[in-house]
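**Q** sequence plus the predicted model coming up.
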Amino acid sequence: MTPSAYDPGSDGAKMNYKDAMSYGDYLHLSPVVSAQHPLSNAHDEMLFIIQHQTSELWMKLAIHELMSAREMMNAGNMPPAFKMLTRVARIFEQLNGAWDVLRTMTPSEYTEFRDDLGPSSGFQSWQYRMIEFILGNRNPNMVKPHAHHPDIAAALEAELARPSFYDDAVRLLYTTLDGPGAVPPAPNLNAPHEANDEIKARWKTVYENVSDYWMLYELAEKLVDMEDYFRRWRFNHVTTVERVIGFKRGTGGTAGVAYLRRMLEVELFPELWHVRGDL
Ligand code: HEM
Ligand SMILES: N[C@@H](CC(=O)c1ccccc1NC=O)C(=O)O
């Protein structure tokens with residue numbers, strides 16, 4: 001007698017979704033898993049596409065978390081803001097781990113389809129640029145590649161028109177230490193935040209009096225943690241790029257590795273790093 005196959009339906013599993021919302025319906029998987037369109041016959045192009053698409057999905061979540069975290073912080077509701085910042089750091093950790101998959105692609109394999117990419121490049125990732133703008137690494141020139149998508153350009157411009165996450169954190173630092181009317185140095189919304197000694201002095205007070213300023217201390221450490229993971233992403237990127245294309249120019253037109261190395265020097269929250277040498 002042939003044993004009959006186990007039917008989870010006999011234990012109560014719902015097996016028919018003709019008139020009910022299924023997994024794929026809820027997640028809209030059909031468009032997601034149909035959105036991979038390799039332009040070549042190269043085996044590794046699928047890896048390249050999925051690596052970028054999944055990165056963009058995680059970036060979408062990072063933006064969602066950062067926007068809400070900033071709102072919570074500005075409303076004085078710090079515990080949820082902290083939780084969201086921790087999540088953003090974990091998202092970057094996830095993105096950092098993903099480089100290990102992409103690194104399995106050799107220069108020979110990438111060369112098979114690189115020409116098909118034309119002038120497209122991660123340089124044109126608007127979600128990446130949005131994350132940088134939210135965190136405070138701002139350069140209005142970086143909106144230009146998005147001029148042909150007015151809604152995206154407008155979203156980036158709107159972010160440039162408001163204080164960055166760090167500008168708002170610094171405002172909280174001032175109002176907590178100096179009183180509710182305190183005004184921090186006016187932020188330049190259109191340029192990267194520049195290190196400022198007055199801001200650093202206040203963070204120093206926080207780090208030297210942690211029990212008095214536990215909330216700001218925790219905020220500072222969450223920000224440092226997030227930037228730490230972000231820096232690792234940049235480093236993994238430039239190392240993978242050197243490993244795969246050496247010192248060739250980028251498809252986006254930059255010098256490639258030289259451009260990306262320059263980006264390694266970016267400090268999102270400079271005072272939080274500089275103050276450590278003064279403690
Ligand atoms: C073999 C893999 C990769 C290579 C060879 C590569 C190469 C490059 C190069 C040369 C640039 C400089 C811009 C240019 O001229 O094109 C760049 C920028 C960029 N890439 Fe990649 N990349 C790779 C993978 C990735 C992945 C997986 C992501 C994830 C989304 C990514 C996101 C970005 C971003 C956001 C930028 C802009 C960085 C900035 O402006 O600071 N790249 N990439
Ligand atoms: N800039 C890369 C091309 C590249 O990596 C890329 C091309 C299209 C879509 C995403 C990409 N990833 C990151 O830049 C290169 O120069 O080979």
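**A** Everything's here; your move. Numbering: from 1, shown residues only. Ligands and ions are numbered 1, 2, ... in the order given.

**Q** CA only for contacts and neighbour counts going forward, please
**A** Will do.

**Q** around ligand 1, which positions in the chain sit nearby?
**A** Along the chain, the residues adjacent to ligand 1 under the rule Cα under 6 Å from any ligand atom are 51-52, 55, 121-123, 125, 128, 241, 244-245, 250-254, 256, 263.

**Q** filter the residues you listed by proximity to ligand 2?
**A** Contacts with ligand 2 within the residues of the chain next to ligand 1, counted by Cα under 6 Å from any ligand atom: S121, G122, F123, G250, T251, G252.

**Q** now name the helix or strand holding E109.
**A** Taking DSSP states H and E as the criterion, E109 maps to helix 107-114.

**Q** up against ligand 2, what does the stretch 101-250 of the chain have?
**A** Residues of the stretch 101-250 of the chain lying close to ligand 2 (Cα under 6 Å from any ligand atom) are L117, S120, S121, G122, F123, G250.

**Q** select only the buried ones of those in ChimeraX?
**A** The ChimeraX selection below is limited to those of these classed as buried (16 or more other Cα atoms under 10 Å):
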select :250
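
**Q** can you redo the residues of the stretch 101-250 of the chain next to ligand 2 as TSV with secondary structure and pLDDT?
**A** Shown next, in TSV, are those (DSSP: H, G, I helix; E, B strand; the rest coil; pLDDT from 0 to 100):
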residue	secondary structure	pLDDT
L117	helix	98
S120	coil	98
S121	coil	98
G122	helix	98
F123	helix	97
G250	coil	98
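
**Q** could you list the low-confidence segments of the chain?
**A** Applying pLDDT under 70 to the chain picks out residues 1-2.

**Q** tell me who's in contact with whatever residue of the stretch 51-200 of the chain ends up closest to ligand 2.
**A** Closest to ligand 2 within the stretch 51-200 of the chain is G122: 3.3 Å, counting by Cα to the nearest ligand atom. Going by Cα atoms under 8 Å, 6 or more residues apart in numbering, G122 touches G252.

**Q** name the nearest residue to the residue of the stretch 151-279 of the chain found nearest ligand 2, ignoring sequence neighbours.
**A** The stretch 151-279 of the chain approaches ligand 2 most closely through G250 (3.3 Å), counting by Cα to the nearest ligand atom. Excluding the flanking residues, the one nearest G250 by Cα to Cα, 6 or more residues apart in numbering is G256, at 4.6 Å.

**Q** thinking the one you found is in contact with V244, fair?
**A** No: contact criterion Cα atoms under 8 Å: G256 and V244 do not qualify, at 11.4 Å.

**Q** hmm, back to that, are any of the residues of the chain next to ligand 1 buried, and which?
**A** The buried subset of the residues of the chain next to ligand 1 - by 16+ other Cα under 10 Å - is Q51, S55, Y128, V241, V244, I245, G250, T251, G256.

**Q** show me these that map onto helices.
**A** Judged by DSSP state H, the subset of these located in helices is Q51, S55, Y128, V241, V244, I245.

**Q** what's the helix or strand encompassing Y26 packed up against?
**A** Per DSSP H and E, Y26 falls inside helix 23-27. Using 3 or more Cα pairs under 8 Å, 6 or more residues apart in numbering; DSSP states H and E, no helix or strand is in contact with helix 23-27.

**Q** kindly format the C-alpha coordinates of that helix as PDB.
**A** Presented in PDB, the C-alpha positions along helix 23-27 are these (Å, rounded to 0.1, in the frame of the first residue of the first chain):
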ATOM      1  CA  TYR A  23       0.300  35.600   0.800                       C
ATOM      2  CA  GLY A  24       1.100  36.800  -2.800                       C
ATOM      3  CA  ASP A  25      -1.900  39.000  -2.900                       C
ATOM      4  CA  TYR A  26      -1.100  40.800   0.400                       C
ATOM      5  CA  LEU A  27       2.600  41.300  -0.600                       C
END
